[in-house]
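> Make a model of this:
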Amino acid sequence: MTTVTVRKPKVSVCVVTYNQQDYIRQCLQSIVSQVTNFDIEVIVGDDCSTDGTRAIINEMAAAHPGMIRPLFQEKNIGAVANYFATHDCAEGEYIAHMDGDDLMLAGKLQLQADFLDNNQEFQIVWHRVRYAYSDGIELDDNIDFAKIKHGFNRHDLIKYTFLANHSTKMYRAKQRKYCSRQPNTLDYFLNIEHLQSGKAGYIGPQILGIYRYGVGVSTNRNSVFRKYLVDRLTTMAQESSKDNDAINCAALVLSISDFRNHNATLSKSVKLWMRTCSIKAFRQYYSYLKNRRFYNAPR
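Down below sits the predicted model:
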């Protein structure tokens, strides 16, 4: 009797998609074209697309049996539920997230996995991207890698609010157990929960991905997301004071932005800032001011 040994993938790439027939083939091709010295799996979570996305996924899965694994939702369950369902299927030691309209560039998976292998204190690793705009223009991000090469702790993730594009993220699969699985959430809070201890950081300074700006969910960053951001930070402050200094820094930045842009969340963000004020919080804001320009999206 012959025993068949099934090799466990080292890296699981979790792709989430919905009605992205114009982009999903190129996205998946950029993943299967990666050259690595380890096995990978590609789990494609489709949230009941109504265009040709599913047919393309099936075609790519047939062309790459054993590598691409479709996960078709029978009804539309929403982006967050689809995210968790897809990531729950991952069997690799490391998980790389991809939105179905973004692209990997050569070397991404190998370099990120090598980094996590060699830096055990890091739980999350990101990389730099090229922004592809809907008008055809492509521009590299403006990250000052020298300022961030030593990484970030959990407090840093809270106070900076935005550190990286989600499609550049690779994290240790064991960190999934810390997720509170809120029915509505943002990448920002997933990062905070994945980083209970240790560090998150960038490899670089290479550009290892292309982020499509102006398509998909990137067009939906509206007042609903803003309200959720402030409300969730307020809940965090109410539940525990341990992160209040970092939350206060984030609240001050949000308050200034709300004032300048006449956002409806101004009163909420100001109340959060006042609630969490302290001398220690002002020190966090001073640190923020020194390093705030490490990442600016072009244009």
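> how far away is Asp47 from Ala62?
Going from Asp47 to Ala62 by Cβ to Cβ, to the nearest Å gives 21 Å. Any C-beta I mention is one placed from the backbone N, CA and C, and that applies to glycine too.
> try Phe145
Per Cβ to Cβ, Phe145 is found 40 Å from Ala62.
> Name the residue in the two with the higher neighbour count.
A direct count of neighbours by other Cβ atoms under 10 Å for Phe145 and Ala62 places Phe145 higher, at 14 against 9.
> give the contact list for the more buried one.
The contact partners of Phe145, taken as Cβ atoms under 8 Å, 6 or more residues apart in numbering, are Arg128, Tyr202, Gly204, Pro205.
> Give me the subset of those residues lying in strands.
Arg128, Tyr202, Gly204, Pro205 (DSSP state E).
> The last one contacts Asp144, correct?
Read that as Pro205. No. Under the criterion of Cβ atoms under 8 Å, Pro205 makes no contact with Asp144, lying 9.5 Å away.
> Walk me through the domains of this protein.
By the assignment in automatic domain parsing, the chain contains the domains 11-219, 223-294.
> tell me, which of those is the model least confident about?
For the domains of the chain, mean pLDDT drops lowest on domain 223-294, to a mean of 86.
> before we move on, the earlier item: what do Pro205 and Asp144 both touch?
Common contact partners of Pro205 and Asp144 (Cβ under 8 Å, 6+ apart): none.
> which residues touch the spatially most central residue of the chain?
Nearest residue to the geometric centre of the chain (Cα atoms, centre = their mean): His166, 2.3 Å. By Cβ under 8 Å, 6+ apart, the contact set of His166 is His97, Asp99, Asp187.
> quick one: the second one from Thr86, how far?
Here the distance between Asp99 and Thr86 works out to 11 Å (Cβ to Cβ).
> and what of the last one?
Note on Asp187: its distance to Thr86, by Cβ to Cβ, is 14 Å.
> So those two - more neighbours on which side?
When Asp187 and Thr86 are compared on other Cβ under 10 Å, the one with more neighbours turns out to be Thr86, at 24 against 17.
> tally of neighbours for the residue nearest to the more buried one when sequence neighbours are not counted?
Spatial nearest neighbour of Thr86, excluding adjacent residues (Cβ to Cβ, 6 or more residues apart in numbering): Gly45 at 3.1 Å. Gly45 has 27 neighbours, counted by other Cβ under 10 Å.
> which helices and strands does the helix or strand encompassing Gly45 pack with?
Taking DSSP states H and E as the criterion, Gly45 maps to strand 40-46. Counting contacts by 3 or more Cβ pairs under 8 Å, 6 or more residues apart in numbering; DSSP states H and E, strand 40-46 packs against strand 11-17, helix 24-32, helix 53-63, strand 68-72, helix 79-88.
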